[in-house]
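# model this:
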Amino acid sequence: MGVLAKPWFNRKRTWLIAAILLLMSAWLFRVRLLHAAGMFLINEDEVDHADVIYVLGGAPFDRGSHAAGMLAAGVAPIAYTTGSNFSSILKAEGREVSEAELSRSAAIRAGASPQRILPFPFGTSTFEEAQGVLHHARRLHVDTIVVLSTDLHTRRVGKVFRKRFEGSGIHVLVASAPSSDYDAHRWWCSEQGLLMVNNEYVKTLFYALKY
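Now for the predicted structure:
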């Protein structure tokens with residue numbers, strides 16, 4: 001019995017040592033691993049010029065303000081803000097304001113001309129926004145568009161939009177607005193950053209399975 005039990009014991013001890021070493025390595029390199037997990041979600045393009053900017057719904061202050069800067073820099077002559085969801089916070093005050101309107105208001109407060117940033121309140125998700133933007137961009141007969149989202153959303157946004165725009169003849173560029181709620185390079189240091197990365201990986205998996 002002792003002879004038979006020895007190989008099993010050795011295997012168990014080997015697995016235990018390997019698990020301990022793996023945990024120690026993960027702890028020692030935790031900052032690099034966490035940083036890499038966040039950076040993987042960021043995938044944006046160098047944007048010099050486009051026909052139009054589409055500012056996706058959500059994070060209206062960050063995205064709207066960044067869109068104002070892009071317009072001022074001459075990236076595009078006009079921008080449209082998307083998103084038909086209504087702010088739950090403003091609902092509590094009896095006001096129904098769409099994400100598109102909130103982003104536009106933020107852009108105007110940041111210096112954008114009201115004539116250069118217009119609302120396009122369509123879509124309750126990235127997938128729906130991609131559908132609406134494709135239809136809208138075709139009506140405008142544009143060649144190149146910039147899709148603006150928050151930094152940690154850009155990889156998923158790029159995949160969704162480019163897949164939807166395949167065969168359309170319209171070139172999609174993805175730009176990111178930095179978040180004012182967390183530092184993307186140290187996202188694990190704040191609750192908002194933790195929630196953002198967790199949600200983004202869940203959404204990435206969901207989109208991969210559904211679309």
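
# mind checking the SS state of the residue sitting nearest the centre point of the chain?
Centroid-nearest residue in the chain, with CA atoms, centre = their mean: H153, separated by 1.2 Å. With DSSP: H, G, I helix; E, B strand; the rest coil as the basis, H153 sits in helix.

# Look up how far R104 lies from the closest residue to it other than its chain neighbours.
Excluding the flanking residues, the one nearest H153 by CB to CB, 6 or more residues apart in numbering is E200, at 6.4 Å. In short, each C-beta sits where N, CA and C put it, glycine included. The gap separating E200 from R104 is 25 Å, by CB to CB, to the nearest Å.

# With neighbour numbers in mind, choose between the two.
R104 (26 against 21; other CB atoms under 10 Å).

# So which residues of the protein form strands?
52-55, 79-82, 117-120, 144-150, 171-177 (DSSP state E).

# any idea how the chain splits into domains?
2-39, 41-210 (automatic domain parsing).

# Of these, which stretch is the most buried?
domain 41-210 (a mean of 18; mean count of other CB atoms under 10 Å).

# gap between that domain and the chain center?
8 Å (CA atoms, centre = their mean, to the nearest Å).

# pLDDT at T14, what is it?
As predicted, T14 sits at a pLDDT of 70.

# what's the spacing between it and I20?
Taking CB to CB, one finds T14 at 11 Å from I20.

# got it, and M70?
For M70, the distance to I20 - CB to CB - is 50 Å.

# Give me the residue ranges of the chain where confidence is low.
Along the chain, the parts satisfying pLDDT under 70 run over 1-13, 16-19, 21, 24-29.

# Go again with 50.
1-2 (pLDDT under 50).

# for this protein, what spans make up the helices?
For the chain, applying DSSP state H gives helices covering 2-28, 30-40, 60-72, 88-91, 99-109, 126-140, 154-164, 191-210.
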